[in-house]
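[1] Take this sequence and fold it.
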Amino acid sequence: MRNLFRDFLNLFFPDLCVVCNQRLSEGEEHICTDCLLLLPRTNFHLQPDNRLEQFFAGRIPFQQIAAFAYFVKGGSIQSIIHELKYKRNPEIGRFIGALCGENIKDSAFIADIDYLVPVPLHPGRQKERGYNQSLEICKGISDITGIPIDDKTLIRKVNNKSQTKNARFDRWKNVEDIFSLSDTENFEGKHILLVDDVITTGSTLESCAKEVLKCKDCRISIYAVGTAG
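    Numbers count the residues shown, from 1 in each chain. Below is the predicted model of the structure:
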């Protein structure tokens, strides 16, 4: 009966691909097969000294940095991230996170990670949105890799304004000293993978990393769904 009701609803309100807006076929979720195949993957997780690692060099000590795909204006990753952040669709975060997990699960990039740590939202912002998009991405990665998530130790103590329209320097100032640790011992001697939706200037991740690296013998790597192309 449930399947019949779902099929009836789908007849009049079909599920559409979030990238191309075409009707999804049976077995497809969120993104159609054609759009999945065309996602502009970077394969940075297989490339030591890739563009992102060069971008962060000298800013913070890190082990590895990568992103799943290129984020370009009007492109598929922009559509996915927009759906995740602004259309109250956390399920697509877990879905794209699982794609990321499949992409990196057998690589050295993920081999010795102890915890996945999402870039935190301030509680006020999270209450407004209903979820943390970076945590949803982490859930998808964890589903595939089995790596546990720690979303309690790194916290955002300041509800700063949105970064969307800020220039590079303003972005850096906007996230300066806005994160803290609830317990520095949790990350001692651990390799932490900081996870975010998109890397643009890297200011937010840099601020997160500096706070996490206050923990004794802690190492960090960084991963995002998208990065500027």
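
[2] hey, where'd the strands end up in this structure?
    For the chain, strands defined by DSSP state E occupy the ranges 65-71, 115-118, 154-156, 179-181, 191-199, 219-228.

[3] and N89, which of these is closest to it?
    Nearest to N89, of all these, is strand 191-199, at 12.8 Å by CB to CB. Every residue, glycine included, has its C-beta placed from N, CA and C.

[4] and the strands of the chain as CSV, adding mean neighbour count, distance to L24 and mean pLDDT?
    Formatted as CSV, the strands of the chain follow (neighbours: other CB atoms under 10 Å; distance: least, CB to CB, whole Å; pLDDT from 0 to 100):
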stretch, mean neighbour count, distance to L24, mean pLDDT
strand 65-71, 25, 20, 98
strand 115-118, 24, 27, 98
strand 154-156, 21, 35, 95
strand 179-181, 17, 38, 95
strand 191-199, 23, 23, 98
strand 219-228, 24, 20, 97
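
[5] Distance to K87 added to the ones you listed, as a markdown table?
    Formatted as a markdown table, these follow (distance: least, CB to CB, whole Å):
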| stretch | distance to K87 |
| --- | --- |
| strand 65-71 | 17 |
| strand 115-118 | 19 |
| strand 154-156 | 22 |
| strand 179-181 | 27 |
| strand 191-199 | 14 |
| strand 219-228 | 16 |
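
[6] Which one, of those strands, ends up nearest to D15?
    Here strand 219-228 is closest among those (CB to CB), at 21.1 Å.
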